[in-house]
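In: just to be clear, the model below is a prediction. Sequence and coordinates:
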Amino acid sequence: MNKQLKLVKRPAGMPDADTWNLESNPIPELKEGEVLIKNHYISLDPAMRGWMRDVKSYLPPVGLGEVMRAGSIGEVVKVNNHPTYKVGDVLTGWGGVQQYNVTDGTGYYAVDTSLAPMPMYIGTLGMPGMTAYFGILEVGKIKEGDVVLVSGAAGAVGSVVGQIAKIKGCRVIGIAGGPEKCKYVVDELGFDGAIDYKNESVSAGIKEHCPKGIDVYFDNVGGEILDAALARIRMHARIVICGAISQYNNTTAIKGPSNYLSLLVNRGTMQGMVVMDYAPKYKEAAMNMGMWMAQGKLKSKEDIYNGIENFHSTFERLFTGDKKGKLVLKVLEETPVA
């Protein structure tokens, strides 16, 4: 049987456990040209909250009664005349929150688990890492000597953004929640400084760490922190809008930044980015990041939890901040599934 987590209602505010229903359903038979993947791990990402909303976005919303969308990685266990993939191949794609999925291979690609473990391919070498890579290099357009500020600095995307900026010769300041995370981004990831938004004024912290202002701000959280960064940008600054996790569970309208005129005065730019736009260049990014990892310049951290039945409690960690690095859920059951 195949355990599947299906969306059954559209939440207002923070989703509760009743937002989804865990079902056990038969594994479908393969059609010609299809493969059956046994999922080992699924990726938990803040974007999931947006996918539950019935609004126009860069992807259609998850339909009620459908398996919850998620990035996944797993092993091909059955094939029906597929032209490319064979039993034993490890594939990553949009498998959803379920233990098995059937696909014709569209949107999937094979990975080599002798080079990196499976969870890394849905983390630093997957969508979060690609988001960081293209966001900071192609949208942020960093150059040596830039002062780069990163919110969500201990998270899956922010941690990689900061490390890439350091590799490129920038001064990097991270914003994170709590002394432990701030210590992590400085001592382990090599950031030049950190601001603890839970225990100090972000505005004062930016002024202290970036006395001459900010050249690039990579925004993962939105809200008041975005506003504080806008107040300290330098001439021709670039602001990368990757996410706004502080706003995703709002039940009232999102308020716009009050310091946006700083963009006009400083001739700055603020640009949104969606990682799927860069899909043709993923291979190039993976090669570069793999090289940096081999050289010890880029560190990867996955925060792994067990059991598809624990999806909701693990999902909540995205918004409470009770995690460090990329949040991953292991859905594979070690005992054979009938």
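Out: Everything's here; your move. Fair warning: this is a prediction, and the values are worked out from it, not measured in the lab.

In: ok, Ala244 touching Gly223?
Out: Yes - counting by C-beta atoms under 8 Å, Gly223 is a contact partner of Ala244 at 6.8 Å. (C-beta placed from N, C-alpha, C; glycine too.)

In: distance of the residue nearest to Ser72 when sequence neighbours are not counted from Val221?
Out: In this structure, Ser72 finds its nearest non-sequential neighbour in Gly95, 3.0 Å apart by C-beta to C-beta, 6 or more residues apart in numbering. For Gly95, the distance to Val221 (C-beta to C-beta, to the nearest Å) stands at 28 Å.

In: the two: which is more packed in?
Out: Gly95 (30 against 23; other C-beta atoms under 10 Å).

In: just say helix, strand or coil for that one.
Out: Following DSSP: H, G, I helix; E, B strand; the rest coil, the label given to Gly95 is coil.

In: pretty sure it contacts Met68?
Out: No - shown here, Gly95 and Met68 do not form a contact pair, counting by C-beta under 8 Å, at 10.8 Å.

In: can you list the weak-confidence ranges in the chain?
Out: By pLDDT under 70, the low-scoring segments of the chain are 245-256, 335-338.

In: what segments of the chain are helices?
Out: 47-51, 127-134, 156-167, 179-183, 202-209, 223-230, 261-265, 282-294, 311-320 (DSSP state H).

In: what residue spans form the domains of this structure?
Out: With domains defined by automatic domain parsing, the chain comprises 2-123+300-330, 127-276.

In: which ones are touching Asn81?
Out: Residues near Asn81 by C-beta atoms under 8 Å, 6 or more residues apart in numbering: Glu32, Gly33.

In: measure it to Val35 for me?
Out: Applying C-beta to C-beta to Asn81 and Val35 gives a distance of 10 Å.

In: repeat that for Val157.
Out: Taken as C-beta to C-beta, the span from Val157 to Val35 is 30 Å.

In: so the two - more neighbours on which side?
Out: Val157 (30 against 24).

In: my guess is the more buried one contacts Phe134. True?
Out: No - with contact defined as C-beta under 8 Å, Val157 does not count as touching Phe134 (10.9 Å).

In: surely Cys170 touches Gly140?
Out: No - counting by C-beta under 8 Å, Cys170 stays clear of Gly140, with 9.5 Å between them.

In: what do the two both touch?
Out: With C-beta under 8 Å, 6+ apart, Cys170 and Gly140 have common neighbours Val148, Val216.

In: more crowded one of the two?
Out: Between Cys170 and Gly140, counted using other C-beta under 10 Å, Gly140 has the larger neighbour count: 29 against 22.

In: residues touching the more buried one, list them.
Out: Here Gly140 is in contact with Val148, Val216, Phe218, Arg238, Val240 (C-beta under 8 Å, 6+ apart).

In: now it: how far from Glu180?
Out: Using C-beta to C-beta, we find Gly140 at a distance of 27 Å from Glu180.

In: now Asp45
Out: Counting by C-beta to C-beta - Asp45 and Glu180 are separated by 22 Å.

In: just Cys170 next, same as before
Out: Cys170 is 24 Å from Glu180, by C-beta to C-beta.

In: how far does stretch 33-42 sit from the chain's center?
Out: Chain-centre distance of stretch 33-42: 21 Å, with C-alpha atoms, centre = their mean, to the nearest Å.

In: for it, which positions count as buried?
Out: By 16 or more other C-beta atoms under 10 Å, the buried positions in stretch 33-42 come out as Glu34, Val35, Leu36, Ile37, Lys38, Asn39, His40, Tyr41, Ile42.

In: what's the answer for stretch 190-207, then?
Out: Quick answer for stretch 190-207 (16+ other C-beta under 10 Å): Phe191, Asp192, Gly193, Ala194, Ile195, Asp196, Tyr197, Val202, Ser203, Gly205, Ile206.

In: with stretch 148-167 instead?
Out: The neighbour-count check on stretch 148-167 (16+ other C-beta under 10 Å) flags 148-167 as buried.

In: how about stretch 293-306?
Out: Met293, Leu298, Ser300, Lys301, Glu302, Asp303, Tyr305.

In: over to stretch 109-117?
Out: Buried-residue list, stretch 109-117, by 16+ other C-beta under 10 Å: Val111, Ala116.

In: and that stretch, how far apart are its ends?
Out: Stretch 109-117 has an end-to-end distance of 15 Å (criterion: C-alpha to C-alpha, to the nearest Å).

In: quick one: contacts of it?
Out: With C-beta under 8 Å, 6+ apart, stretch 109-117 has contacts from Ile73, Tyr85, Asp89, Val90, Leu91, Thr92, Gly93, Met118, Tyr121, Leu125, Gly290, Met293.

In: report the beta-bridge partners for the fourth one.
Out: The reference is to Val90. Beta-bridge pairing for Val90 (DSSP bridges): Glu75.
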